[in-house]
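Colleague: with the input below, show me the fold.
(one chain, ligands or ions: 1)
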Amino acid sequence: MISNCDCINITQDKKTNVFYNFNGIKNQEENKEILILTESNVDQYDLHNGNRRQNISDDNALRENDTQTVHDNRLKTMTSFYKDILISIGEDPTREGLLKTPKRAAEAMLFFTKGYEQCVSDVLNDAIFEEKCENMVIVKDIDIYSLCEHHLVPFFGKVSVGYLPNAKVIGLSKIARIVEVYSRRLQVQERLTRQIAEAIQEAVQPRGVAVIIECAHMCMVMRGAQKVNSRTTTSAMLGVFRDDHKSREEFLSLARFT
Ligand SMILES: Nc1nc2c(ncn2[C@@H]2O[C@H](COP(=O)(O)OP(=O)(O)OP(=O)(O)O)[C@@H](O)[C@H]2O)c(=O)[nH]1
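Modeller: Here you go, the predicted structure:
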C-alpha cells in the first residue's frame, strides 16, 4: 500500500507496477481496506483485452491473492447486490423460496469466475517433461463452460487442443487445467481460443499449437437473435499449424472437425 485516504486505498501491484484502488470493507488481518475492483481500475487491469494475463511468467489472476477475509467480503457484497436484483425484477427476496437465493447466486458467480483465482503458472506446477516426441499430441473434446462478457450468460461446448512437440511435452491434465483457468472468466470465444493457444506455446515452445472451440452461446439462444441451433467455431493456429496445411488437416481430421 502506498497511500491511504478516507475510504480508498491505492495499492501497487508488485508484478505489473500497476496502481489500483479498492473500496470497501476493512480487512482486519492486514489492516487494509480491500474489497472489490472499482470501474476505474478495471481499465488499468485491461480486463477486456485479457492482456495482463497473456504472458505466463507475468500471469497474475485478479483474485489470486485473496485472503479468506477478502473472499468473505466479496461474497457479502455480491449477496447484497443479488438481493437488489431480485427486488429490481419485482420479486420478494423475503419469500421462503428466495431467502437463500442471493447468497447461492453470489457463490455460483464466484465459481463461474474462479479462473480469476488462478494463473497458468500455478496450474502448470512444472509438469513440463523432456521427451523425444515429434508426433502430434491432441487432447480433444474438453468440456468448457464460460460466461459471455457482454451479457453475463453462459456459453459452453468443447475445445480440442493439439501441438507438435519440440523436445518437451506438457502434462496432459495441464492442458485441461489451462482451458479451465481461461474459460472460468468473463470471455469472448475468440480471446479464449487465442489465450489457450498462447499459454501452451509459451509453456513448451512446440513447433506449433492448434486450438479449436465449438460453443453454443446462450445470449444467442435464450434471448436476442434466439437462434436455438446456432454454434460458433473458433480456431487459433500457431507455428506449423498456421504455415503447413498438411499438419493443420491432420489436426482437424484427428480432432474430427473435417
Ligand atoms: N465475437 C463474439 N461476440 C460475442 C460473443 N459472445 C457474445 N457476443 C456478441 O456480443 C454482441 C453484443 O452486441 P450488442 O448489440 O452490444 O448487444 P445486444 O443488443 O444485446 O445484441 P443482441 O445479442 O444482438 O441482442 C452480440 O452480437 C453477441 O452475439 C463472443 O464470444 N464472441
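Colleague: only C-alpha atoms, please: export stretch 99-110 in PDB.
Modeller: Taking Å, rounded to 0.1, in the frame of the first residue of the first chain, the C-alpha atoms of stretch 99-110 are listed here in PDB:
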ATOM      1  CA  LEU A  99     -34.300 -16.400   1.200                       C
ATOM      2  CA  LYS A 100     -31.000 -18.000   0.400                       C
ATOM      3  CA  THR A 101     -31.000 -17.200  -3.300                       C
ATOM      4  CA  PRO A 102     -28.800 -14.100  -3.200                       C
ATOM      5  CA  LYS A 103     -26.000 -16.000  -1.300                       C
ATOM      6  CA  ARG A 104     -26.400 -19.000  -3.600                       C
ATOM      7  CA  ALA A 105     -26.200 -16.800  -6.700                       C
ATOM      8  CA  ALA A 106     -23.200 -15.000  -5.400                       C
ATOM      9  CA  GLU A 107     -21.400 -18.300  -4.700                       C
ATOM     10  CA  ALA A 108     -22.300 -19.500  -8.100                       C
ATOM     11  CA  MET A 109     -21.000 -16.400  -9.800                       C
ATOM     12  CA  LEU A 110     -17.700 -16.700  -7.900                       C
END
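Colleague: contacts for that stretch, please.
Modeller: His71, Arg74, Leu75, Met78, Thr79, Ser80, Phe81, Tyr82, Lys83, Leu86, Pro93 (Cβ atoms under 8 Å, 6 or more residues apart in numbering). Using the backbone N, CA and C atoms, a C-beta is placed for each residue, glycine as well.
Colleague: got the contact list for the last one?
Modeller: Spelled out, it's Pro93. Under the criterion of Cβ under 8 Å, 6+ apart, the contact list for Pro93 reads Lys83, Leu86, Ile87, Leu99, Thr101, Pro102.
Colleague: closest to the ligand out of those residues?
Modeller: Leu86 (22.0 Å; Cβ to the nearest ligand atom).
Colleague: wait, a helix at the closest one?
Modeller: Yes - Leu86: assigned to a helix according to DSSP: H, G, I helix; E, B strand; the rest coil.
Colleague: can you give me the neighbour number for it?
Modeller: 17 (other Cβ atoms under 10 Å).
Colleague: where does this structure get nearest to the ligand, which residue?
Modeller: Gly224 (3.1 Å).
Colleague: sec struct for that residue, please.
Modeller: Three-state assignment for Gly224 (three-state DSSP): coil.
Colleague: quick one, which of the contacts of stretch 99-110 are buried?
Modeller: Arg74, Met78, Thr79, Tyr82, Lys83, Leu86 (16 or more other Cβ atoms under 10 Å).
Colleague: least confident of those?
Modeller: Among these, Arg74 has the lowest pLDDT, at 95.
Colleague: quick one: the helices in the stretch 1-150 of the chain?
Modeller: Taking DSSP state H, counting those that start in this stretch as the criterion, the stretch 1-150 of the chain carries its helices at 39-45, 68-88, 101-112, 120-124.
Colleague: which of these sits most buried?
Modeller: Among those, ranked by average contacts under mean count of other Cβ atoms under 10 Å, first place goes to helix 120-124 (a mean of 20).
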